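> what shape does this take:
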Amino acid sequence: MLYLRDAVIDHIERALEPIRNSLQADGFDLQVEGFENGVVFLIVSAGPEACHDCLLPQEHLQLRLEDRLKGIARVVRLHYPEITKPSH
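Model (predicted):
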């Protein structure tokens, strides 16, 4: 059973590669935290040079992720970084 789970996570990782590459170009990363009962858990994290203005709104990225994972995961749970903008 563990082998099947690992195979599904590998499939998820490959499906997410284009979105991950786009996020990494703006200083973010996309990580698969887990997969259980058809639910995939994803985390977007910000690096030190992240362009917060470049990050898609969470709702838009959620839709893109769900589209990429259609047929692989029933539900996508996405954790987004807290964006704090410097005060002027």
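
> host element of Asp10?
Using DSSP states H and E, the element containing Asp10 is helix 2-25.

> now do the buried residues in that helix.
The neighbour-count check on helix 2-25 (16 or more other Cβ atoms under 10 Å) flags 8, 12, 15-16, 19-20, 23 as buried. Any C-beta I mention is one placed from the backbone N, CA and C, and that applies to glycine too.

> tell me where this protein has strands.
28-36, 39-46, 75-79 (DSSP state E).

> let's have the ones you listed in a markdown table, adding mean pLDDT, distance to Gln58 and mean neighbour count.
Output for these, formatted as a markdown table (pLDDT from 0 to 100; distance: least, Cβ to Cβ, whole Å; neighbours: other Cβ atoms under 10 Å):
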| stretch | mean pLDDT | distance to Gln58 | mean neighbour count |
| --- | --- | --- | --- |
| strand 28-36 | 95 | 12 | 15 |
| strand 39-46 | 97 | 8 | 18 |
| strand 75-79 | 97 | 7 | 15 |
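
> of those, which is nearest Leu4?
Among those, strand 28-36 comes nearest to Leu4, with 10.3 Å by Cβ to Cβ.

> what does the closest one rub up against?
If you take Cβ atoms under 8 Å, 6 or more residues apart in numbering as the criterion, strand 28-36 is touched by 5, 8-9, 12-13, 16, 19-20, 23, 40-47, 50, 55, 73, 79, 81.

> now do stretch 4-23
Applying Cβ under 8 Å, 6+ apart, the contact partners of stretch 4-23 are 29-30, 32, 35, 40, 42, 44, 55, 61, 64-65, 68-69, 72-73.

> many thanks, have a good one.
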